[in-house]
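Colleague: Got a predicted structure here, sequence first:
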Amino acid sequence: MQTKSLYAAIDLGSNSFRLEIGQMDAGQLRRVEYIKETVRQGNGLDAERNLTDEAMERGWDCLARFGERIAGFRPSHVRAVATQTLREARNRDVFLAKAKRILGFPIEVIAGKEEARLIYLGVSHLLPQSDERRLVVDIGGRSTEMILGQHESASTLESYRVGSVAWSMKFFPDGLWTPSAFKSAEIAAKAVLDEAQILFNRSHWDKCYGSSGTVGAVSDVLTAAGWPPGQITREGLAWLKDRLLKAQKPDNLRLEGVKEDRKPVIGGGLAVLQAVFDLLQINEMHVAQGALRHGALYDLIDREGTQDVRSSMVDWLAQRFGTDKVQADRVSRTAQSLLQALIPDNADTPTDERQRYLQKLHWACQLHETGLRISHSDYHKHGAYILDNTDLPGFTLDELHRLSQLVLGHRGKLRKLELEMEDASFVQQLMALRLAVIVCHARRDPDLSGLDISCDALRRTARLKISTDWAELWPQSTHLLREEKTAWQKTDWTFQVQTD
C-alpha cells in the first residue's frame with residue numbers, strides 16, 4: 001500500500017500513546033492499523049511539574065516504534081498531538097525536542113478546547129446521522145473534556161483538569177480503594193467540574209456519549225459482566241465501585257474485561273465518571289467509537305480541502321475585533337509577494353512547506369491590527385496578548401504563539417523577539433510583514449515595481465534595492481524603508497537598503 005494515500009494520527013495522552021493509521025475509501029476513513037501503548041507519562045510529573053527522566057524515556061521509546069511504522073508518510077498526512085501532561089510539564093521543550101527527532105514529524109501541544117474540538121470531530125464522524133443534541137464526555141488521564149454539539153458542529157467546548165491518572169495518584173496514592181477515598185475523590189471532582197452544571201445542563205442535550213479512556217475501560221468491564229454492551233448506567237457504576245471496594249487494591253481485582261495496565265488508574269477514573277453522572281444528571285451514557293485521534297485524522301483531511309477551521313477562526317477573530325478587512329487583505333497580498341521573493345523557488349524549501357509559510361503569514365496579516373480595538377498606542381502588543389491568551393479552535397499553542405510574535409514584531413523594535421530570531425523562516429515572514437505594513441501605510445494598494453528584495457538566510461542578510469524613480473515617486477515610503485535598516489541593527493540579521 002502506498003504511504004501517500006495513508007493518514008496517521010498520534011495521540012500523546014497522559015496514560016497512553018496511540019497511533020491510528022487510516023485511508024480514505026469512498027469518502028469514508030477506513031482503519032488500516034491501530035497501536036496503543038501504555039506510557040503513563042501523567043504519573044511522571046514530579047512535585048515541580050517536571051517530567052522525570054524515566055517518563056521521558058518511556059515516551060521516546062514508544063515514539064521510536066511509532067516513527068518506524070510511519071516512516072515515509074507525507075508530512076501533511078501526519079498529525080501528532082500532545083494533551084494535558086505536556087500542557088502542564090515545565091520541561092516539555094526538553095522532551096519535545098528529542099521526541100520530534102525520534103518520530104520524524106512535528107508534535108503539537110494543543111489547548112484543552114482544541115482537544116475537545118478534535119474529540120467531538122472524531123465522535124461525530126463515527127456516529128449515525130441524527131438531529132439529536134449530543135453531550136460528549138472524554139475522561140483522560142489528567143483532563144476531562146465535555147462538548148455539546150449537533151451533527152458535526154460543536155457549540156460548547158470545555159476542558160477540566162481532572163482525570164483518571166491524576167485522581168488515582170491524589171486520592172489512592174497507596175493503591176487502596178476505600179469508601180472514604182472514593183468519597184473524597186468524587187467531592188473533589190465535583191468541585192473542579194462545578195461550572196459544568198450550567199454549561200452542560202440536562203436541558204441542553206438529548207443523548208450522552210462517552211469517548212475513549214475511562215469510559216471505554218468501564219464499558220468493557222460492565223459488558224464482560226453481562227451489562228448491556230456499549231452502555232454505562234448508574235447501576236453499573238455502583239456495581240463496579242462495589243467490586244473495587246471488595247478487592248481493596250488493584251492486585252486483588254479479578255474482573256474480566258479490565259486490562260492489567262488499567263487497574264492502577266480505574267479507581268480515579270471511576271470516581272470522576274461518577275461525579276460527571278451526578279452533576280449532569282446522566283442516567284445512561286453510550287460508548288462512542290470515535291476519539292481524539294479520529295478527529296485529528298479528519299482534521300488533516302479537511303485541511304487538504306477547503307474546510308481548514310483555522311482560516312474560519314482567524315476570520316472570526318478579525319471580525320470580533322473590528323479589523324479593517326480591506327487593509328488586512330492589502331497587507332497580506334503585499335507580504336506574500338515579498339515573502340516569495342525572500343524565499344525564491346530555487347531555495348531548499350519544499351513546496352508544501354512554502355505554502356504553509358505563506359498561509360501563516362496571511363493569518364498574521366489578517367490579525368495584525370486586532371489590538372487597535374483596545375488602544376492605538378502599542379496596539380501590536382495588545383494584538384500579541386490577545387493571540388497568546390485565546391483558544392482558537394484548530395490551532396496549537398505553538399502556532400498561536402508564533403502568530404502572536406509576528407503580530408508583536410510587525411512594528412517597533414526587534415530585541416523583544418530575540419528567541420524567535422534564531423528561526424530563519426520566522427525572520428523571513430516577519431521581514432515580509434514589516435515591509436508590507438510600511439508600503440501599505442497610506443492604506444492604498446502599493447506600487448512594488450521599483451522594489452527588489454533578496455535574502456541569504458545562511459549569512460543572515462537581506463538586501464532591498466529601491467529604484468531612483470520609485471524613490472522620487474514615493475518619498476515617504478522610501479524614508480520609512482530606509483528607517484527599517486536601523487530596526488535590524490540590534491539583531492543578528494543585516495538589512496541593507498540601497499537606491500539605484
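Modeller: It's in. All values derive from a computational prediction rather than experimental measurement.

Colleague: From residue 303, how far out is residue 312?
Modeller: Noted for residue 312: a distance of 12 Å to residue 303, by Cβ to Cβ, to the nearest Å. Where C-beta positions appear, they are placed from N, C-alpha and C, glycine not excepted.

Colleague: More neighbours: which of the two?
Modeller: Just comparing residue 312 and residue 303: by other Cβ atoms under 10 Å the higher neighbour count belongs to residue 303, 17 against 13.

Colleague: Could I get the contacting residues of the more buried one?
Modeller: Under the criterion of Cβ atoms under 8 Å, 6 or more residues apart in numbering, the contact list for residue 303 reads 76, 310.

Colleague: Run a quick check on residue 58 versus residue 39, I expect a contact.
Modeller: Yes - A contact is recorded between residue 58 and residue 39 when judged using Cβ atoms under 8 Å, the distance being 4.9 Å.

Colleague: who has more neighbours, these two?
Modeller: With neighbours defined as other Cβ under 10 Å, residue 58 and residue 39 compare such that residue 39 has more, 26 against 20.

Colleague: Could you list the domains of this structure?
Modeller: For the chain, the domain assignment from automatic domain parsing gives the residue ranges 3-111+295-299, 127-288, 308-499.

Colleague: wait, which of the ones you listed is closest to residue 117?
Modeller: Ranking those by their distance to residue 117 (criterion: Cβ to Cβ) puts domain 308-499 first, at 4.7 Å.

Colleague: export the domains of the chain to a markdown table and tack on mean pLDDT and distance to residue 121?
Modeller: Formatted as a markdown table, the domains of the chain follow (pLDDT from 0 to 100; distance: least, Cβ to Cβ, whole Å):
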| stretch | mean pLDDT | distance to residue 121 |
| --- | --- | --- |
| domain 3-111+295-299 | 92 | 4 |
| domain 127-288 | 94 | 7 |
| domain 308-499 | 91 | 9 |
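
Colleague: tell me the helices in the stretch 401-500 of the chain, going along the chain?
Modeller: Secondary structure of the stretch 401-500 of the chain (DSSP state H, counting those that start in this stretch): helices at 424-439, 468-473, 475-487.

Colleague: By neighbour count, which bits of the shortest one are buried? Give me those.
Modeller: Buried positions in helix 468-473, judged by neighbour count with 16 or more other Cβ atoms under 10 Å: 470, 471.

Colleague: Run through who's touching it.
Modeller: Everything outside helix 468-473 that qualifies as a contact, by Cβ under 8 Å, 6+ apart, is 447, 449, 450, 451, 478, 499, 500.

Colleague: Return the residues in contact with the third one.
Modeller: Applying Cβ under 8 Å, 6+ apart, we find residue 450 in contact with 466, 467, 469, 470, 471, 473, 474.

Colleague: Around the nearest residue to the first one once chain neighbours are set aside, count how many other residues there are.
Modeller: I take that to be residue 466. What sits nearest to residue 466 in space, not counting adjacent residues and going by Cβ to Cβ, 6 or more residues apart in numbering, is residue 499, at 4.8 Å. A count of nearby residues for residue 499, using other Cβ under 10 Å, gives 15.

Colleague: Pretty sure residue 499 sits against residue 474.
Modeller: No - between residue 499 and residue 474 there is no contact under Cβ under 8 Å: 11.9 Å.

Colleague: How about the contacts made by residue 110?
Modeller: 81, 82, 83, 118, 396, 397.

Colleague: Farthest pair within those residues?
Modeller: For these, the farthest-apart pair by Cβ to Cβ is 118 and 397; their separation is 14.0 Å.

Colleague: Tell me which of these two has more neighbours.
Modeller: Using other Cβ under 10 Å, the more surrounded residue of residue 118 and residue 397 is residue 118, with 30 against 17.

Colleague: which stretch among the helices of the stretch 401-500 of the chain comes nearest residue 256?
Modeller: The closest approach between residue 256 and any of the helices of the stretch 401-500 of the chain, judged by Cβ to Cβ, belongs to helix 424-439 at 53.7 Å.

Colleague: how far out from the middle of the chain is the closest one?
Modeller: When distances are taken as Cα atoms, centre = their mean, to the nearest Å, helix 424-439 is centred 25 Å away from the chain's centroid.

Colleague: Could you do stretch 487-499 as well?
Modeller: Distance of stretch 487-499 from the chain centroid (Cα atoms, centre = their mean) equals 35 Å.

Colleague: and if you look at stretch 374-388?
Modeller: Per Cα atoms, centre = their mean, the displacement of stretch 374-388 from the mean C-alpha position of its chain is 23 Å.

Colleague: Flag every buried residue along it.
Modeller: Along stretch 374-388, these residues count as buried under the neighbour rule (16+ other Cβ under 10 Å): 379, 380, 381, 382, 383, 384, 385, 386, 387.
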